[in-house]
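Student: Let's see this in three dimensions:
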Amino acid sequence: ITHVEMETSSAVTCDEWVEEEAVDACRCPFGGCAFAGTTQAALAHLREAHALDLRAVAREWRLDTLRYVRLVNYLRRERSTAAWPALGVNPDHALFADDSLLIPAGGPDAPYDPLLDAVPLEDDDEKDGEEVPSNAGGDGKDQRIAELEQRLAAADAANAKLQAMVLEGAGAGPVEEEGEDAERAWESYFGSYARMGIHDEMLRDEVRTGSYAAFIARNARALFAGRTVLDVGAGTGVLSLLAARAGARRVYAVEAASDAADVARANVARNGLGDVVDVLNCRVEDAATHGLGEPVDVVISEWMGYFLLYENMLPAVLYARDHYLRAGGTVQPSGATLHLIPLDCTARWRERQTFYADVHGLDLTPVIGALSHDAAVEVIDPAEALTAAAHTRVAPFDVDAVAANVFGESFELVVPFSLPIDTEVAGDAPRTIHAIAGYFDIEFDPDAAWRPQGAAAAAPAPACEVVPKETVRFSTGPWTTATHWKQTVFWLPEALEGIMPGKDMIVGTLHVSKQPERPTDIEVMLEFNVCRGGAAVVHGPCKCRYYF
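Tutor: Model prediction:
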């Protein structure tokens, strides 16, 4: 960057104009002036053309950072053509209490004002040429250092307040306390669902959308006809519309993202179901104050995220169950199961090593270690699996039975697991474990019914016409049609070699916890050993932590 210094002399007047502005150009704050130059040139110009020695005034009036900023912004806002003495500004002027003057005259997005760099310390090192006494090792120097440190701390505090005021003026609101981090994270999460791209991806996922549609259609008479339905996280309203088409009496589509709620309303109108579907633009916790005035018979939601629990939407479904669902009603989907699979990814592992070893002639292999903490969402090759599908089940969830406090403000799910290295998928030769992948299965059971704790069991239904029901299931595993959830791959920091199919087993514990300051994110920890013959430890203990 080239800094162009201008000569300063009594010849500089308000009539002069700099055609090509310097990089750090500073414009005169007085209204009738076309001057532009560097900060030092501007200070000289103010002294000579407007009788304002800005730094001298700041020192004499003992202006702190905020009062100085108010003064500069006042001058720019007033744009007076009069000389400084005619403005009648004094140390007690009302401008010094006006916080609106902490916002730049051109608004929060205005270019930075170089005049703000000219703010003097309350007591400059050289007061109008006065020398600071030199006392190396004496109390005077130490005291001087202490005073400067105090002034620096005061300036930092003033800067923080100024930043807060500018943010507030920009419409961002005041700077939040640390306890509001979670609220901001939720707002960001809901905002992400205002974009239609993610809804397009989900709607095009035929395994996902087709399973919901099949369950609703095949259980229309048994669960939906004439009943009330609550759709939690309705998005574009597709599940609500399917429930209405199945004969529901009333459907409450709760969607917190305003843009998505608007699209849902348009879809409801386009399909002529406005007399059945009511779109509530709110969080499910606020639904009762936004139009949900009756208990519901069915709570339906597509709450699953990557590795099932990412996005942490299940608590919202459990809240709806506990506060709005009548006893004997149903939550759908009714069940979910987490699975883990060890993977032999020799080709992909080698590609990672080779790529980062030579990136345009640079060795960037440390990136691999950093990547090992990131959960990767990708479609895996079933041939990489070392455990058969029948043995990968780790954690089943019964949505009707799980307690809401299990997924409260700060939860940690701890599940033991054992994964045999099966010869039917791994063969007989020694193998290598490079990663452990996760996926989930979903079940819609029409007979699932929720009862509050302590409620009496329902009386047997009298014999009558048999109403058709059908359970629907789908999987996000590597052996089935790929979904938008794909699979989640947890790469190990080091490859585990010499794994013997039919003899070795991974024995460990899965930990899944929510990050309190980022409530939609999760942390996964895998702790395990590779054991042979049920006892001897071949590899381990291994402890790997991953973040979403």
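Student: quick one: the strands in the stretch 201-350 of the chain?
Tutor: Ranges of strands in the stretch 201-350 of the chain, per DSSP state E, counting those that start in this stretch, are 228-232, 250-254, 277-280, 296-301, 325-332, 335-343.
Student: again, but for the stretch 1-150 of the chain
Tutor: 26-27, 36-37.
Student: Partner strands of the first one, with direction?
Tutor: For strand 26-27, the paired strands and their directions (DSSP bridges) read strand 36-37 (antiparallel).
Student: Let me see the contact set for the closest residue to Arg227 other than its chain neighbours.
Tutor: Among residues not flanking Arg227 along the chain, Asp297 sits closest, at 3.8 Å (Cβ to Cβ, 6 or more residues apart in numbering). Backbone N, C-alpha and C define where each C-beta goes, glycine included. Going by Cβ atoms under 8 Å, 6 or more residues apart in numbering, Asp297 touches Leu223, Arg227, Thr228, Val229, Leu325, Arg326, Gly329, Thr330.
Student: The third one touches Pro295, doesn't it?
Tutor: Yes - in this structure, Thr228 sits in contact with Pro295. The criterion is Cβ atoms under 8 Å, and the distance is 7.4 Å.
Student: Look at the two and report which has more neighbours.
Tutor: For Thr228 versus Pro295, neighbours defined as other Cβ atoms under 10 Å are more numerous around Thr228 (21 against 13).
Student: ok, now which ones touch that one?
Tutor: Thr228 sits in contact with Ala248, Arg249, Arg250, Val251, Tyr252, Glu294, Pro295, Val296, Asp297, Val298, where contact means Cβ under 8 Å, 6+ apart.
Student: repeat for Asp200
Tutor: With contacts defined as Cβ under 8 Å, 6+ apart, Asp200 has no neighbours.
Student: confidence score at it?
Tutor: Here, the pLDDT recorded for Asp200 equals 91.
Student: Find the helix or strand that it is a member of.
Tutor: Under the criterion of DSSP states H and E, Asp200 resides in helix 196-204.
Student: repeat for Leu496
Tutor: strand 487-499.
Student: Going by neighbour count, which residues of that strand are buried?
Tutor: By neighbour count on 16 or more other Cβ atoms under 10 Å, the buried set for strand 487-499 is Gln487, Thr488, Val489, Phe490, Trp491, Leu492, Ala495, Leu496, Ile499.
Student: Taking those residues together, which two end up most distant?
Tutor: Thr488 and Ile499 (21.2 Å; Cβ to Cβ).
Student: will you turn the contacts of Thr228 into JSON lines that also has pLDDT and distance to Thr387?
Tutor: Formatted as JSON lines, these follow (pLDDT from 0 to 100; distance: Cβ to Cβ, whole Å):
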{"residue": "Ala248", "pLDDT": "98", "distance to Thr387": "42"}
{"residue": "Arg249", "pLDDT": "98", "distance to Thr387": "47"}
{"residue": "Arg250", "pLDDT": "98", "distance to Thr387": "46"}
{"residue": "Val251", "pLDDT": "98", "distance to Thr387": "42"}
{"residue": "Tyr252", "pLDDT": "98", "distance to Thr387": "42"}
{"residue": "Glu294", "pLDDT": "95", "distance to Thr387": "47"}
{"residue": "Pro295", "pLDDT": "96", "distance to Thr387": "44"}
{"residue": "Val296", "pLDDT": "97", "distance to Thr387": "40"}
{"residue": "Asp297", "pLDDT": "97", "distance to Thr387": "40"}
{"residue": "Val298", "pLDDT": "98", "distance to Thr387": "36"}
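Student: Could you pick out the buried ones from the residues you listed?
Tutor: So, by 16+ other Cβ under 10 Å, the buried ones in these are Ala248, Arg250, Val251, Tyr252, Val296, Asp297, Val298.
Student: List the residues that contact the fifth one.
Tutor: The one in question is Val296. Here Val296 is in contact with Arg227, Thr228, Val229, Leu230, Tyr252, Tyr324, Leu325, Arg326, Gly329 (criterion: Cβ under 8 Å, 6+ apart).
Student: Recalculate using a threshold of 10 Å.
Tutor: 227-231, 248, 250-252, 287, 320-321, 324-326, 329-330 (Cβ atoms under 10 Å, 6 or more residues apart in numbering).
Student: still on that earlier bit, what about the contacts of Asp297, which one has the most neighbours?
Tutor: Highest neighbour count within these: Val229, with 28 neighbours (other Cβ under 10 Å).
Student: So what pairs up with that residue in the strands?
Tutor: Val251, Val298.
Student: and it, how far is that from Ile522?
Tutor: The gap separating Val229 from Ile522 is 29 Å, by Cβ to Cβ, to the nearest Å.
Student: picking that back up, show me the common contact partners of Thr228 and Pro295, please.
Tutor: Both Thr228 and Pro295 are in contact with Tyr324, Leu325, Arg326, Gly329, where contact means Cβ under 10 Å, 6+ apart.
Student: now, which of those residues sits nearest Val538?
Tutor: Leu325 (48.7 Å).
Student: what residues are up against the closest residue in space to that closest one that isn't next to it in sequence?
Tutor: With sequence-adjacent residues excluded and distances taken as Cβ to Cβ, 6+ apart, Leu325 is closest to Val299, at 5.3 Å. Taking Cβ under 10 Å, 6+ apart, we find Val299 in contact with 229-232, 252, 284, 317-321, 324-325, 329-332, 399, 450.
Student: Just the element for Phe355, please.
Tutor: Here Phe355 is assigned to helix 346-357, by DSSP H and E.
Student: I'd like the mean pLDDT over that helix, please.
Tutor: 92.
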